[in-house]
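Asker: Below: sequence and its predicted model.
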Amino acid sequence: MSQHIDAIVIGAGLAGLVAATEAAEAGLHVVIVDQESEANLGGQAFWSLGGLFMVDTPEQRRLGVKDSFDLAWADWQGSAGFDRDEDHWPQKWARAYVEFAAGDKRDWLRGLGLSLFPIVGWAERGGVDASSHGNSVPRFHVTWGTGPGVVEIFERRARALEETGKISFKFRHQVDDLIIENGSAVGVSGSILAPDDAPRGAPTNRDVTGEFELRAGAVIICSGGIGGNLDLVRQSWPERLGTAPETMIKGVPAHVDGRMISISEAAGVNTINKDRMWHYVEGVRNWNPIWPDHAIRILPGPSSMWFDATGQRMKAPNYPGYDSLGSLHDILETGYDYSWFVLTQSIIKKEFALSGSEQNPDLTGRNWKMVAGRAIGPKATGPVEAFKEHGEDFAVAETLDALVDKMNAIAGKNLIDANVLRRQIEDRDRQIDNKFSKDQQIMGLRTFRNYIGDKLLRTAKPHKILDPKHGPLIAVRLNILTRKTLGGIETDLGGRCFVQEDGRGARVMTGLYAAGEVSGFGGGGYHGYRALEGTFLGGCLFSGRQAGRAAAADLKPT
């Protein structure tokens with residue numbers, strides 16, 4: 001390059017775009033390198049629903065939600081369960097992030113042009129007690145425009161800075177090594193990959209056509225996690241969750257390969273909490289896939305009955321939307337790696353949402369007329385109905401006997417007895433006759449309908465599963481879906497990477513920073529063991545901003 005380079009950002013995902021634009025706006029000349037093509041600018045964030053964890057917002061207050069930093073921080077600590085010496089920096093990051101979410105996060109994003117859908121979602125509801133994991137109140141703010149709407153803001157910033165020469169992009173540049181001299185990071189080297197015109201998210205070639213080397217005063221690693229690499233997921237799988245499932249499907253593209261984690265370790269960078277991860281149990285195979293083993297997560301409301309692979313009802317608090325990690329553990333305890341939802345057309349119409357920007361054309365396309373269609377008529381959204389019709393994990397029938405036959409056919413095993421399933425459903429249905437109940441799931445869904453957001457869009461009116469007026473009956477096989485890495489490169493609050501020394505980071509490596517999922521979204525794992533949702537995009541935004549600003553402050557722009 002003819003121009004001077006101050007900083008190199010590895011990865012053109014959301015964290016990379018934020019870090020690069022923050023550094024460039026502070027005066028640095030920045031080069032963004034990415035192994036993928038320009039079509040993948042924005043990385044995983046493009047495919048997301050655009051959910052953002054925020055605290056005590058006008059959107060919450062308009063819906064009657066009383067939230068505060070103290071409540072959110074208590075929820076975070078109860079979910080994180082920090083219990084290791086190496087959680088020193090993750091805890092600092094966690095508190096700083098909750099302060100950000102309760103402070104200038106909303107105003108900062110709105111100042112950049114982001115708009116929010118007015119209904120705040122209630123994700124990861126917990127369901128045990130006030131001191132344990134889960135969100136006490138709804139905090140999941142959906143971006144109007146979903147993931148592409150978030151990416152659009154920072155791509156626009158980056159393109160404007162590209163016009164002024166402050167940012168340059170180098171796509172199809174795969175980093176193979178960090179250049180470390182005298183204990184400091186001074187650049188990167190790697191392979192130039194052959195052009196590839198595959199569409200966004202689809203696998204690309206790894207044909208090497210040349211080599212490159214770039215040097216700069218700062219290197220910021222924003223390369224993502226390991227969710228697209230099932231071998232690495234299995235290697236990192238913790239014993240506390242049981243045996244890693246034989247079958248997993250991918251909630252992220254294949255380029256989410258975790259390469260930079262081992263490359264960073266080889267350069268002497270310290271990593272922590274690699275056994276902490278966040279995978280979902282409500283994955284369904286995409287009937288129209290973009291990448292191999294492409295999975296979509298169902299974001300369920302609270303009414304579907306949940307059964308294990310043998311047809312036994314999941315025990316409390318394993319209800320839809322309550323506790324992702326606890327449900328994952330209990331499903332794997334059964335000896336199988338899948339489970340079932342059983343529900344009605346009335347439930348799927350009101351309560352089923354699908355993760356992913358492409359599965360929500362109304363929100364992604366900012367189309368209020370389509371949004372209104374969610375509340376009208378007997379059908380679910382178009383994408384949900386398409387999965388119901390074409391998805392290999394979906395069964396639809398008018399009678400329970402016929403439904404069970406289809407469930408057993410999907411599983412390829414006759415594990416479910418129709419009489420046993422019927423008895424459990426009838427026991428549940430008897431609890432609907434009164435407005436009070438001993439069934440904890442029914443108590444919960446009645447409580448959730450006291451929140452106007454759930455009543456309007458996310459929780460069906462309580463009814464009997466076997467009532468034909470609410471049919472047909474629907475069953476969905478739920479698979480384990482890989483998604484997020486909760487551990488990673490240990491950093492201070494500026495995203496500065498720590499050096500390996502006796503198994504722990506004790507000092508920072510001059511010139512090297514990390515942000516986004518590769519750093520556990522901050523510090524090497526600011527979630528601890530569990531996520532409160534809306535904290536993945538938010539973690540990329542916050543850690544990218546911190547790293548970009550710190551690099552600029554450390555370098556003092558030339």
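Answerer: Looks like it came in fine.

Asker: okay, CA-based contacts and neighbour counts for the rest of this
Answerer: Fine.

Asker: Spit out the contact partners of residue 255.
Answerer: 36, 203, 228 (C-alpha atoms under 8 Å, 6 or more residues apart in numbering).

Asker: Oops, could you answer that again for residue 202 instead?
Answerer: Here residue 202 is in contact with 253, 254, 290, 291 (C-alpha under 8 Å, 6+ apart).

Asker: Name the SS class of the residue lying closest to residue 309 once chain neighbours are set aside, please.
Answerer: Excluding its sequence neighbours, the residue lying closest to residue 309 (C-alpha to C-alpha, 6 or more residues apart in numbering) is residue 339, at 4.8 Å. Three-state assignment for residue 339 (DSSP: H, G, I helix; E, B strand; the rest coil): strand.

Asker: Next, count neighbours for residue 339.
Answerer: Using other C-alpha atoms under 10 Å, residue 339 is surrounded by 25 other residues.

Asker: Residue 438 now?
Answerer: So residue 438, with other C-alpha under 10 Å, has 9 neighbours.

Asker: any idea how far it is from residue 316?
Answerer: 12 Å (C-alpha to C-alpha, to the nearest Å).

Asker: And for residue 68?
Answerer: For residue 68 relative to residue 316 (C-alpha to C-alpha), the value is 28 Å.

Asker: again, but for residue 137
Answerer: From residue 137 to residue 316 the distance is 20 Å (C-alpha to C-alpha).

Asker: more neighbours, those two?
Answerer: residue 137 (21 against 13).

Asker: Which of the three states applies to that one?
Answerer: Recorded secondary structure, residue 137: coil (three-state DSSP).

Asker: Break down the stretch 451-558 of the chain into its helices, ranges please.
Answerer: Using DSSP state H, counting those that start in this stretch, the helices assigned to the stretch 451-558 of the chain run over residues 452-453, 535-555.

Asker: So residue 490 is in contact with residue 524, correct?
Answerer: Yes: using C-alpha atoms under 8 Å as the test, residue 490 is close enough to residue 524 to be in contact (4.2 Å).

Asker: Low-confidence stretches in the stretch 451-558 of the chain?
Answerer: 502-505, 557-558 (pLDDT under 70).

Asker: try 90
Answerer: Confidence mapping of the stretch 451-558 of the chain against pLDDT under 90 gives the ranges 457, 501-506, 556-558.

Asker: And the chain, by the same measure?
Answerer: Scanning the chain with the threshold set as pLDDT under 90 gives 1-4, 126-128, 132, 372-378, 457, 501-506, 556-558.

Asker: partners of the lengthiest strand in it, with directions?
Answerer: Using DSSP state E, we find that the single longest strand of the chain is strand 473-485. Next to strand 473-485 in the sheet, as set by DSSP bridges, lie strand 249-250 (parallel), strand 277-285 (antiparallel), strand 338-344 (antiparallel), strand 394-397 (antiparallel).

Asker: ok, of the contacts of residue 255, which come out buried?
Answerer: Among those, those classed as buried by 16 or more other C-alpha atoms under 10 Å are 36, 203, 228.

Asker: Make sure residue 179 is indeed in a strand.
Answerer: Yes: under three-state DSSP, residue 179 falls within a strand.

Asker: My understanding was that it contacts residue 186; is that so?
Answerer: Yes: between residue 179 and residue 186 there is a contact at 5.7 Å, judged by C-alpha under 8 Å.

Asker: joint contacts of these two?
Answerer: Counting by C-alpha under 8 Å, 6+ apart, residue 179 and residue 186 have no shared contacts at all.

Asker: Compare those two and say which is more crowded by neighbours.
Answerer: Higher neighbour count among residue 179 and residue 186: residue 186, with 21 against 17, using other C-alpha under 10 Å.

Asker: what are the phi and psi angles of the more buried one?
Answerer: Main-chain dihedrals, residue 186, degrees, to the nearest 10: phi -130, psi 0.

Asker: How about residue 415, nearest residue that isn't a chain neighbour?
Answerer: Spatial nearest neighbour of residue 415, chain neighbours left out: residue 310 (5.0 Å); criterion: C-alpha to C-alpha, 6+ apart.

Asker: Nothing else from me, thank you.
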